[in-house]
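**Student:** kindly return the folded structure for what I paste below:
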Amino acid sequence: MTITDTTTATDIGTTTELPLVKALNAGLKKALQDDPKVLLMGEDIGPLGGVFRVTEGLQAEFSTNRVFDTPLAESGIVGTAVGLAMRGYRPVCEIQFDGFIFPAFDQITTQLAKLTSRHEGLLSMPVVIRVPYGGHIGAVEHHQESPEAYFAHTPGLRLVSPSTPNDAYWMIQEAIASNDPVLFFEPKSRYWHKGPVDFGASAVPLHSSRVVRGARAHHAEARRVREVRLRALLVVLDRADVTAVGHADHNREAQVALVARGHLGEL
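**Tutor:** Numbers count the residues shown, from 1 in each chain. Here you go, the predicted structure:
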């Protein structure tokens, strides 16, 4: 069986190339399959599949009882999720855009984040709030913001953000399985970046880390970038015919050129 960009099937044990948005869709589907208490809720996430199509096709497969649209009221969405969590469900809320999360700020920081502590650990709050965040999409205000710092300083909340499709597939499932509230920040500028997703791997703990690039590789890359920048600078200066070495004391551009050539010599 082959998974394409428009497929959300996950019942194979191979590594498949997918964009991040489809990996999230597959992860949500797997969570819905594994636990009947998982619910998806948010603005336009049903038939439309969300603005970014992260939930596309899920309502048709799992019914309107488990994947449903909500009114345009972020405080109401999170408040309803709090009540559902108290009754044993695992709600996954979608905030349509990062800048829309602030009407729910009070519910998140003074209710959702505090309830487990208020009940001395006897009450779990397994709520996930998905937030498409970040810029680089050419949008207007409220549609490309990065509000994660507000919540990172709030005790009682977990914050995670996937960087690759494989991260997205496994991380969303781990977030849903967590008994603590999780804010899941999705880098919207990377939604359609493709990468391998290993459906046959085992899930890793939500806050575990991995070495993506060792120190030697990092230093080698930094050196390469530095060389490229210096050579680009010299090209610009040479085009400006800056070769007056004898007048370096009075010619800032010539001074820069001399320094740049000296650094290149060191490399």
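**Student:** what about the strands in the protein?
**Tutor:** Using DSSP state E, the strands of the chain run over residues 15-19, 38-42, 67-69, 90-94, 128-133, 158-160, 182-187, 194-198.
**Student:** now tabulate the ones you listed in CSV and tack on distance to K29, mean neighbour count and mean pLDDT.
**Tutor:** C-betas here are computed from N, CA, C, even on glycine. What follows is the strands of the chain, written out as CSV (distance: least, Cβ to Cβ, whole Å; neighbours: other Cβ atoms under 10 Å; pLDDT from 0 to 100):
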stretch, distance to K29, mean neighbour count, mean pLDDT
strand 15-19, 12, 19, 94
strand 38-42, 10, 23, 98
strand 67-69, 10, 19, 98
strand 90-94, 12, 25, 98
strand 128-133, 14, 26, 96
strand 158-160, 19, 18, 96
strand 182-187, 16, 24, 97
strand 194-198, 13, 17, 95
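**Student:** reformat the ones you listed as TSV; add distance to A31.
**Tutor:** Listed next are the strands of the chain as TSV, based on distance: least, Cβ to Cβ, whole Å:
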stretch	distance to A31
strand 15-19	16
strand 38-42	5
strand 67-69	11
strand 90-94	8
strand 128-133	9
strand 158-160	15
strand 182-187	12
strand 194-198	15
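**Student:** S117: how many residues sit nearby?
**Tutor:** Residues near S117, counting by other Cβ atoms under 10 Å, number 12.
**Student:** got a list of what the residue nearest to it when sequence neighbours are not counted touches?
**Tutor:** Once flanking residues are discounted, S117 sits nearest to G156: 6.1 Å by Cβ to Cβ, 6 or more residues apart in numbering. Listed by Cβ atoms under 8 Å, 6 or more residues apart in numbering, the contact partners of G156 are L112, A113, K114, T116, S117, D180, P181.
**Student:** tell me, what's the model's pLDDT at the fifth one?
**Tutor:** Spelled out, it's S117. According to the prediction, S117 has pLDDT 94.
**Student:** the chain should start at 571 in everything you say after this.
**Tutor:** Got it, first residue is 571 now, which makes that one S687.
**Student:** of all the strands of the chain, which lies closest to S779?
**Tutor:** strand 728-730 (11.6 Å; Cβ to Cβ).
**Student:** picking up where we left off before, relative to F721, which of the contacts of G726 is nearest.
**Tutor:** For the contacts of G726, the nearest to F721 is A683 (8.3 Å; Cβ to Cβ).
**Student:** shouldn't that closest one be in contact with D750?
**Tutor:** No: look at A683 against D750 with Cβ atoms under 8 Å: they stay out of range, at 9.2 Å.
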